[in-house]
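*Asks:* got a predicted model here, sequence first, then my questions.
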Amino acid sequence: MILVGDPKSIYIEELPKSRRGRARLRGLRLIHTHLKGESITQDDLMDLLFLRLDAVGVVHVDRNGGATTLDLAHVLPMSENGRPGWEILPPIPCHRPDLDFLALVESLEDELERNRSVLDTDHRKERAIAVSVSNTDRQTTRDSLDELMELAQTSGIKVVDCIIQRPRQISARTLIGKGKLGEIILRALQLGVDLLIFDRELNPSQVRAVTDMTELRVIDRTQLILDIFAQRAQSRGGKIQVEMAQLKYLLPRLGVKDDALSRLTGGIGARGPGETKLEINRRRIKDRITNLDRQLKNVRKSRHQKRSLRLRKSLPIISIVGYTNAGKSTLLNTLTNSKVFVESQLFATLDPTSRRLRFPRDFEVIITDTVGFVKDLPKELMDAFAATLEELQDADLLLHVIDGCNPHFEEHIEAVQRILAKLKLHKKPIIPVFNKADIADVSVIENSICRYGGIGISALSTKTLPPLIRKMEDHVEDLFKQGLFSIAS
């Protein structure tokens, strides 16, 4: 393919996708002339990156218009020691070019492939670059990005690089500046990556803009969390909620990217223009959401009947809440000698689990484990998981489990408190429970217990639980004294 321009510009039609694999260049080089004697410019280098070209060359001319030398630039398979991601070769005489260009490009692609093979130690995991665009302070940005990487790991994605930009003003169209986008494209090429994960929610136009400019798949924090929930949901209700949340997220993001979506359909009963493929997809999604909503109401009705049965039996309900991966399921297992699934990953528990717990003072309660919270919980998840979180409405006591070893536990406490306030649960009695007190900094735990009025435990050790059990017993006995429940039950 040869594209020819004029003295002012060159028009490039939509190019085919890059050739086989993530470590291949476009198979296209740009050779042009700067009529004022300039060498390779920043715009040339941006074209090199954004178009994923094999090379960019500038032909110098003398005052009679004759070709003299050629400046050539190509990407580097790896950037080191602050070097830019490209190399500009020494000037090549146009009348006697001594460069085997095909051999050069093949060697670049071979090295790109070798780098990817060395880095890709786990072929089962998808590789991605995490991107943060934020105006917050550096520590807050770094902490949020660390959590995004943990979410990615939970989803089975290997984050091979992180890119942070803290612009004075965030671009409404692409979020990120052109120079930083060029850096992302280069790193994706060097690392063999075709997925970007943004540490914030993107609107549909931003996803399309970044995708068009980088030719990389783009997801945001919300979509990543939805993917984790889709992997972890086990119960019928959980699966319905996840699918509904995904469809609600997808609906406004249906675009006209694929030309096939804009083809018109017709036939009997559809005279005239009919519906476009895009409209059909939207209608089907809306119909599916309506159907799922109907199923979800049945799930809520069933759960309500079960909760009513528990209430008729006059058993107090204690619900365990907290930030994801704080140790809630481990505490439930230790308290009730159960075997609820436990794993050191975010959102290991999605479906609510209830067990009976008999206290030493010889009365019983129902103790319930719930889905873990996370800061900036997507609205789609808050809405879709209303049925799951309804379990908390009937709770007589909340155990707020906090990971005492996490350096950001105070932020996690605030995130949980905000979500409880949204659910109108913040006025319920709450016992802050600082987990991992046996391995956390003693002074930090003691100060936190004093500040929040909590109790320090190790969810893995029954020896540390008596103070918590006594406090739970005291609270439940108060409910009995108020006549809300009968000890005889």
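*Replies:* Perfect, I can see it now.
*Asks:* where does the stretch 1-150 of the chain dip in pLDDT?
*Replies:* Along the stretch 1-150 of the chain, the model assigns pLDDT under 70 to residues 1, 15-23, 80-82, 118-124.
*Asks:* tell me where it has strands.
*Replies:* Secondary structure of the stretch 1-150 of the chain (DSSP state E, counting those that start in this stretch): strands located at 29-33, 55-61, 67-75, 86-88, 92-93, 126-133.
*Asks:* now do the buried residues in the last one.
*Replies:* Taking 16 or more other C-beta atoms under 10 Å as the basis for neighbour counts, the residues of strand 126-133 that come out buried are 127, 128, 129, 130, 131, 132, 133. For glycine as for every other residue, the C-beta is placed from the backbone atoms N, C-alpha and C.
*Asks:* closest one of those residues to residue 141?
*Replies:* residue 132 (5.6 Å; C-beta to C-beta).
*Asks:* what's across from the closest one in the sheet?
*Replies:* Counting by DSSP bridges, residue 132 is bridged to residue 164.
*Asks:* against residue 184, how distant is it?
*Replies:* 12 Å (C-beta to C-beta, to the nearest Å).
*Asks:* need the overlap of contacts for these two.
*Replies:* residue 163 (C-beta atoms under 8 Å, 6 or more residues apart in numbering).
*Asks:* most tightly packed of the strands of the stretch 1-150 of the chain?
*Replies:* strand 126-133 (a mean of 21; mean count of other C-beta atoms under 10 Å).
*Asks:* counting by contacts, list what it packs against.
*Replies:* With contacts taken as 3 or more C-beta pairs under 8 Å, 6 or more residues apart in numbering; DSSP states H and E, strand 126-133 sits against helix 138-154, strand 157-165, helix 178-191, strand 195-198.
*Asks:* average pLDDT across the third one?
*Replies:* Confidence for helix 178-191, expressed as mean pLDDT, is 87.
*Asks:* before we move on, what about the shortest one?
*Replies:* Summarised as a single mean, pLDDT over strand 195-198 is 92.
*Asks:* thinking again about what came up before, what's the most distant pair in the buried residues of strand 126-133?
*Replies:* That would be 127 and 133, which, of these, are the farthest apart (C-beta to C-beta) at 20.6 Å.
*Asks:* show me where the stretch 301-450 of the chain has its strands.
*Replies:* Going by DSSP E, counting those that start in this stretch, the stretch 301-450 of the chain shows strands at 317-322, 353-358, 364-369, 397-403, 430-435.
*Asks:* which other helices and strands does the lengthiest helix in the chain contact?
*Replies:* Using DSSP state H, we find that the single longest helix of the chain is helix 277-312. Using 3+ C-beta pairs under 8 Å, 6+ apart, the elements in contact with helix 277-312 are helix 236-250, helix 386-389.
*Asks:* need the winner for burial among these.
*Replies:* Stretch with highest mean neighbour count among the helices and strands packed on helix 277-312: helix 236-250 (a mean of 20; mean count of other C-beta under 10 Å).
*Asks:* sorry, back to before: compare the mean pLDDT across the helices and strands packed on helix 277-312 and name the weakest.
*Replies:* helix 386-389 (a mean of 61).
*Asks:* am I right that residue 479 sits in a helix?
*Replies:* Yes: Residue 479 forms part of a helix when assessed by DSSP: H, G, I helix; E, B strand; the rest coil.
*Asks:* pLDDT score for it?
*Replies:* Looking at residue 479, its pLDDT reads 82.
*Asks:* any figure for the gap between it and residue 356?
*Replies:* 17 Å.
*Asks:* so between the two, which is more surrounded?
*Replies:* residue 479 (17 against 12; other C-beta atoms under 10 Å).
*Asks:* what packs against the helix or strand hosting residue 470?
*Replies:* Assigned by DSSP states H and E, residue 470 belongs to helix 466-481. Helices and strands touching helix 466-481, as assessed by 3+ C-beta pairs under 8 Å, 6+ apart, comprise strand 397-403, strand 430-435, strand 455-456.
*Asks:* go through those and name the closest to residue 409.
*Replies:* Using C-beta to C-beta, these put strand 397-403 closest to residue 409, at 5.3 Å.
*Asks:* neighbouring strands for that closest one, and are they parallel or not?
*Replies:* Strand 397-403 has these strand partners (DSSP bridges): strand 317-322 (parallel), strand 430-435 (parallel).
*Asks:* worst average pLDDT in those?
*Replies:* Minimum mean pLDDT among these: strand 317-322, a mean of 90.
*Asks:* show me the contact partners of that one.
*Replies:* Applying C-beta under 8 Å, 6+ apart, the contact partners of strand 317-322 are 310, 328, 331-332, 357, 365-370, 372-373, 391-392, 394-402, 412, 416, 420, 433, 472, 476.
*Asks:* then that strand to CSV, C-alphas only?
*Replies:* Included here for strand 317-322 are C-alpha records, laid out as CSV according to Å, rounded to 0.1, in the frame of the first residue of the first chain:
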residue,chain,number,x,y,z
ILE,A,317,-29.7,-11.0,63.7
ILE,A,318,-26.1,-9.9,63.7
SER,A,319,-24.6,-8.9,60.3
ILE,A,320,-20.9,-8.7,59.5
VAL,A,321,-20.0,-5.8,57.3
GLY,A,322,-16.7,-4.2,56.3
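*Asks:* quick check: buried residues in it?
*Replies:* Of all the residues in strand 317-322, those buried under the rule 16+ other C-beta under 10 Å are 317, 318, 319, 320, 321, 322.
*Asks:* give me the number of residues near residue 367?
*Replies:* Counted with other C-beta under 10 Å, residue 367 comes out at 24.
*Asks:* got the contact list for it?
*Replies:* For residue 367, the contacting residues are 317, 318, 319, 320, 332, 335, 336, 354, 355, 356, 357, by C-beta under 8 Å, 6+ apart.
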